[in-house]
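Undergrad: dropping a prediction and its sequence here:
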Amino acid sequence: MIDEEKVKQGIRLLLEGIGEDINREGLLETPDRIARMYREICGGMEEDAGEHLLKTFHVDSSEMVIEKDITFYSTCEHHLLPFYGKAHIAYIPNGKVVGLSKLARTVEVFARRLQLQEQLTGQIADALMEHIDPKGAIVLLEAEHMCMTMRGIKKPGSKTVTLARRGAFLRDPALEEQFFRMLSR
Ligand SMILES: Nc1nc2c(ncn2[C@@H]2O[C@H](COP(=O)(O)OP(=O)(O)OP(=O)(O)O)[C@@H](O)[C@H]2O)c(=O)[nH]1
Ligand SMILES: [Zn+2]
């Protein structure tokens, strides 16, 4: 549960820490605004992916389903700076599928937390395995980390690519190849 009062106190301290005047006009509402913003960008902490993956539809096919180019924004737990990019998800149904929007909702649940990209990728794949019980799932994330671009090493344009394979995607390299082929079409 996000404690907005604590976030506000923290932001006031941060502003004082960097030498700002917390009483100047432009900053008066900033602690309050940032507390509301954290409720949004860390809102996934209060959500369970299972709620979105509850409703399933029966299918006879066990052909791969891919949802690609899902834009996501997350926050790096080391620097509290954004990392953002595209998520590509595929799974092989085992008698049931979920509504397509629910794949993007699953990405949102885990992206709207303080994260590591590798962990975010794995959590999405694990949620699909747990709640849809597919034959396999694979998640590819490509993202730019602001902590790598606007500060520190300063490498704008560098992309971090992470992959999580589960079930049949671990056992059968041909499935992984099919996923990459379909992504690049
Ligand atoms: N593996 C991984 N590392 C990340 C992620 N986001 C940020 N990092 C890295 O976390 C590391 C933190 O390194 P530290 O040496 O503790 O922090 P730092 O002194 O700010 O490091 P620099 O960024 O190199 O200036 C950096 O190398 C970041 O690039 C992520 O999602 N996954
Ligand atoms: Zn970072």
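TA: All right, it came through fine. Ligands and ions are numbered 1, 2, ... in the order given.
Undergrad: alpha carbons only for contacts and neighbour counts from here, please
TA: OK.
Undergrad: burial of residue 54, as a residue count?
TA: A total of 12 residues lie near residue 54 under the criterion other Cα atoms under 10 Å.
Undergrad: which residues touch stretch 2-13?
TA: Identification of contacts with stretch 2-13 by Cα atoms under 8 Å, 6 or more residues apart in numbering yields 22, 31, 32, 34, 35, 36, 38, 39.
Undergrad: repeat for stretch 86-100
TA: 53, 55-72, 103, 107, 128, 132-143, 179, 183.
Undergrad: so which elements touch the lengthiest helix in the chain?
TA: Looking across the chain with DSSP state H, the single longest helix is helix 117-132. Packing contacts for helix 117-132, counted by 3 or more Cα pairs under 8 Å, 6 or more residues apart in numbering; DSSP states H and E, involve helix 49-52, strand 96-98, helix 100-111, strand 136-145, strand 160-167.
Undergrad: could I get these as JSON lines with mean neighbour count, mean pLDDT and distance to residue 76?
TA: Formatted as JSON lines, the helices and strands packed on helix 117-132 follow (neighbours: other Cα atoms under 10 Å; pLDDT from 0 to 100; distance: least, Cα to Cα, whole Å):
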{"stretch": "helix 49-52", "mean neighbour count": "17", "mean pLDDT": "96", "distance to residue 76": "20"}
{"stretch": "strand 96-98", "mean neighbour count": "19", "mean pLDDT": "97", "distance to residue 76": "29"}
{"stretch": "helix 100-111", "mean neighbour count": "21", "mean pLDDT": "98", "distance to residue 76": "10"}
{"stretch": "strand 136-145", "mean neighbour count": "24", "mean pLDDT": "98", "distance to residue 76": "8"}
{"stretch": "strand 160-167", "mean neighbour count": "18", "mean pLDDT": "98", "distance to residue 76": "13"}
